[in-house]
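>>> Have a look at this prediction, sequence included:
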Amino acid sequence: MPDQARKSKPASPGPGGGGGDGPSAPKVDKPNVEELLKRMKKVDPDQARRYRQRTGE
Amino acid sequence: MQPILLFGLETELGIARDGAPNLDTVAESIALVRSATEPGVLMKWDYGCEDPHLDARGFRVAALRQDADEAHYFARDAQRRLTHAEIKSDLVLRNGARFYNDHAHPEYCTPECSTLDELAAHDRAGERIATACARALSEARGATVRLYKNNTDFRGHSYGCHENYLLPRSLPWEDLVRGIQAFLVTRQIYAGAGKFALETEDRFLASGFQISQRADFFSELQSVDTMQRRPIVNTRDEPHANPARWRRFHVILGDANMSPFATRLKVGATALVLEALLREPRQPWPELADPLDALRTISRDPRFRWEIKLHGRRPATALDVQRHYLAAVQARCDLTAPDRARVVADWEAVLADLATDPHRCCDRLDWVAKHALLREFQAAEKLPDDHPWLTSLDLEYHRLDAAAGLYFDLERGGAMRPGPPETEVQRALAEPPRSTRAWVRGRCIQKFGPEVLLAQWDHVTLRGRRGPVPVSLLDVFGPAEIQQLSQRLADAQTPEDLRTRK
């Protein structure tokens, strides 16, 4: 397994993380998550509401 | 002799444009495909030999469930003043791939591949080609055109990422279905792309997370349909090869994967299970008590325990079923080739990690990576489970723009296993896989592009001095046949040199 894959992982489900006892907290460094969360804040919360497609195959 | 197994992917993409809430997705999809600058042959696809009504169970259906909708769309499309060929805008590319507008979605079909390295590279090449088209169209429109490699609009409209596997026809259809069904239903535990919504056909039901994008849209065990009341096993009998010798197993159940690891595992494990089936079709494969119920139960299980019932109401889990198939593959298939050994090692490791803690797979599997990332965001922003932002971020995970999509952020940051090497992607953009008949198709396009009259998966017809020159690919699957035809093509100065002497 490439070491690179172990360096940075998305962090754990938080306290608001929905029901169940799903994937638990990773015990790894997460150097890029803060930056990624900032980028995620820029995603329009309503973009999925406007997203309309025609049925495909 | 090893059974010959080829595979390929057909991926329909979602399309949207900023500032255009009532976008005509058909017109946009056509314009997107028409924005391609990759060398290829436009509007020469041979629809004359296609018949999606043929059923592998040995009959021809009078109508597909989608025929009424298709007629309605055809009537609407007729008002566009475009020909059928212009609406489809089929582009056969120099790498042997097909890129076109299918039912309002840009669709990229990889060329036929025989290794997973080829497939991963060609899948990513398709992403690159579609993204380049989106950039060009954005400039032309003066607004950003967005593409999504996902399978839902979260309102009950789904579009597919189909897999194709070439098999000898000697495997009886009934044995194939009996053997593969439980595998297809349970492989979502590693092949699912994850979804923050619960839907049914044409309807959003509720918020919530599930591991599969497509599981909500399947309501039949077997049928020839692909757009309504979709089946777990699609019976379309369109081999795109000599029908006396071959069948194409057309899998419509799967999600579109952003993670190349997930794509490799999904296709690699399926190909090996098919090979194990070919070697011993009558062995006792797992049988689910209620496959359709199991499909949804596994996808929606919030505890990721994936408990199901086997035939006879025996309790089991999706992991148990996958372990059974893995053991069958290990017992029956030759796994000495590195490609195959890697699939089995990855499959075994993923099942072990899923059993211990699914989060261990967050560097490989789409649903785990998405779930972890969005739950982190949810916690940071203190969002309730039904907040629409989660669905919007789900969509953003699948955005097909290496500079903007969330998946690509994860891959770039090292949070996901690396994709195919750039040299392989560049090769896949320019060249077909050498080991399959796609090589011949692609080289025909490269060498005699302006002379191509018709193109299909199983033939290319060129313009010769003495009339059309058909180049049949119906039975071109073995290395000797591919090499022979490739050499004739390399030696040909004109299409006429390829005419088969009688």
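Thanks, I have it. These numbers come from a predicted model, not from an experiment.

>>> Can you report how many residues lie near B:T186?
28 (other CB atoms under 10 Å in any protein chain shown). Heads up, the C-betas are built off the backbone N, CA and C, glycines and all.

>>> other SSEs contacting the one helix or strand B:C133 maps to?
Here B:C133, judged by DSSP states H and E, is contained in helix B:116-141. Helix B:116-141 sits against strand B:6-12, helix B:25-34, strand B:98-102, strand B:105-109, strand B:145-148, helix B:260-279, helix B:338-356, helix B:422-430, with contacts defined as 3 or more CB pairs under 8 Å, 6 or more residues apart in numbering or on different chains; DSSP states H and E.

>>> Could you pick out the residues of the stretch 1-150 of chain B near chain A for me?
Neighbours of chain A within the stretch 1-150 of chain B, by CB under 8 Å from any CB of the partner chain: B:12, B:14-16, B:21, B:23, B:25-26, B:69, B:73, B:102-105, B:148.

>>> Name the member of those with the most neighbours.
B:G14 (29 neighbours).

>>> can you list the weak-confidence ranges in the chain?
Answering for chain A, as no chain was given. Within chain A, the stretches with pLDDT under 70 are A:1-31.

>>> that's the wrong chain, I meant chain B
Residues of chain B that meet the cut-off, pLDDT under 70, sit at B:1-4, B:501-502.

>>> In it, what residue comes closest to chain A?
The nearest approach of chain B to chain A comes at B:A379, 1.9 Å away (CB to the nearest CB).

>>> Figure out the helix or strand that that residue lives in.
Going by DSSP H and E, B:A379 is in helix B:366-381.

>>> Just the buried residues of the helix or strand that that helix is followed by, please?
Moving toward the C-terminus from helix B:366-381, the next helix or strand (DSSP H and E) is helix B:388-397. Neighbour counts over helix B:388-397 (16 or more other CB atoms under 10 Å in any protein chain shown) mark B:P388, B:W389, B:L390, B:T391, B:S392, B:L393, B:D394, B:L395, B:E396, B:Y397 as buried.

>>> Leaving out chain neighbours, which residue sits closest to the fourth one?
When you say that, I think you mean B:T391. In space, and not counting its chain neighbours, B:T391 is closest to A:A48: 4.0 Å by CB to CB, 6 or more residues apart in numbering or on different chains.

>>> Please give me every residue in contact with that neighbour.
B:F154, B:P388, B:T391, B:S392, B:D394, B:L395 (CB atoms under 8 Å, 6 or more residues apart in numbering or on different chains).

>>> what's the helix or strand for it?
Assigned by DSSP H and E, A:A48 falls in helix A:47-50.

>>> Please point out which parts of that helix sit buried.
A:Q47, A:A48.

>>> and what of stretch B:75-90?
B:D77, B:I87, B:K88, B:S89, B:D90.

>>> can I get those residues in JSON lines with secondary structure?
Formatted as JSON lines, these follow (DSSP: H, G, I helix; E, B strand; the rest coil):
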{"residue": "B:D77", "secondary structure": "helix"}
{"residue": "B:I87", "secondary structure": "helix"}
{"residue": "B:K88", "secondary structure": "helix"}
{"residue": "B:S89", "secondary structure": "coil"}
{"residue": "B:D90", "secondary structure": "coil"}
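
>>> Name the residues of the stretch 151-300 of chain B found near chain A, please.
B:152-155, B:157-160, B:162, B:202, B:208-209, B:226-228, B:252.

>>> B:E307 against B:D293, yeah?
No - using CB atoms under 8 Å, B:E307 makes no contact with B:D293, being 11.7 Å away.

>>> neighbours around the nearest residue in space to B:G405 that is not next to it in sequence, how many?
Using CB to CB, 6+ apart and skipping residues adjacent in sequence, the residue nearest B:G405 is B:R399, 3.6 Å away. Number of residues near B:R399 (other CB under 10 Å) recorded here: 26.

>>> again, but for the one 5 residues further on
A count of nearby residues for B:A404, using other CB under 10 Å, gives 16.

>>> List the buried residues of the helix holding B:C133.
So helix B:116-141, judged by 16+ other CB under 10 Å, has buried residues B:116-131, B:133-134, B:136-138, B:141.

>>> neighbours around B:G142, how many?
8.

>>> And B:A355, by the same measure?
14.

>>> now swap in B:R434 and tell me
15.

>>> again with B:D202
12.

>>> helix, strand or coil for the residue nearest to it when sequence neighbours are not counted?
Of all residues not flanking B:D202 in the chain, B:G156 sits nearest, at 4.1 Å (CB to CB, 6+ apart). The three-state label given to B:G156 by three-state DSSP is coil.

>>> now do B:D409
Quick answer, by three-state DSSP: B:D409 is helix.

>>> what residues are up against the closest residue to it other than its chain neighbours?
Once flanking residues are discounted, B:D409 sits nearest to A:L36: 5.5 Å by CB to CB, 6+ apart. Taking CB under 8 Å, 6+ apart as the criterion, A:L36 is in contact with A:P10, B:L373, B:L406, B:D409, B:L410, B:G413.

>>> Assumed A:L36 was part of a helix.
Yes - assessed by three-state DSSP, A:L36 belongs to a helix.

>>> Is B:A68 part of a helix or strand, or is it coil?
Applying three-state DSSP: B:A68 is helix.

>>> list the contacts for the closest residue to B:D386 other than its chain neighbours?
Of all residues not flanking B:D386 in the chain, B:S207 sits nearest, at 3.7 Å (CB to CB, 6+ apart). By CB under 8 Å, 6+ apart, B:S207 lies in contact with B:F196, B:A197, B:L198, B:D385, B:D386, B:H387, B:L390, B:T391.

>>> if we go to 7 Å?
B:S207 is in contact with B:F196, B:A197, B:D385, B:D386, counting by CB atoms under 7 Å, 6 or more residues apart in numbering or on different chains.

>>> before we move on, what about B:L406?
A:M40, B:L373, B:L393, B:E396, B:Y397, B:R399.

>>> repeat for B:R247
B:R247 touches B:A56, B:L167, B:R169, B:D237, B:P239, counting by CB under 7 Å, 6+ apart.

>>> SS state for the second one?
Look at B:L167: counting by three-state DSSP, its state is strand.

>>> Can you report how many residues neighbour it?
Using other CB under 10 Å, B:L167 has 22 other residues around it.

>>> Isn't it up against B:L274?
Yes - B:L167 lies in contact with B:L274 (CB atoms under 7 Å); the separation is 6.1 Å.

>>> Overlap in contacts, those two.
By CB under 7 Å, 6+ apart, the residues touching both B:L167 and B:L274 are B:F249.

>>> If we ignore the residues flanking it in sequence, what's nearest B:Y108?
B:G126 (3.6 Å).

>>> correct me, but B:S35 touches B:S138?
No - contact criterion CB under 7 Å: B:S35 and B:S138 do not qualify, at 9.3 Å.

>>> Count the neighbours of the residue nearest to B:F209 when sequence neighbours are not counted for me.
Leaving aside its sequence neighbours, B:F209 sits nearest to B:F196 (CB to CB, 6+ apart; 5.5 Å). Number of residues near B:F196 (other CB under 10 Å) recorded here: 28.

>>> what residues are up against B:F196?
B:S207, B:F209, B:L374, B:L390, B:T391, B:D394.

>>> List just the nearest of these to B:A256.
B:D394 (13.0 Å; CB to CB).

>>> follow-up on the earlier one: show me what the helix holding B:A379 packs onto, helices and strands only.
helix A:33-41, helix B:388-397 (3 or more CB pairs under 7 Å, 6 or more residues apart in numbering or on different chains; DSSP states H and E).

>>> The same query, at a cut-off of 10 Å, please.
On a contact count with 3 or more CB pairs under 10 Å, 6 or more residues apart in numbering or on different chains; DSSP states H and E, helix B:366-381 meets helix A:33-41, helix B:188-191, helix B:260-279, helix B:338-356, helix B:388-397, helix B:406-412.
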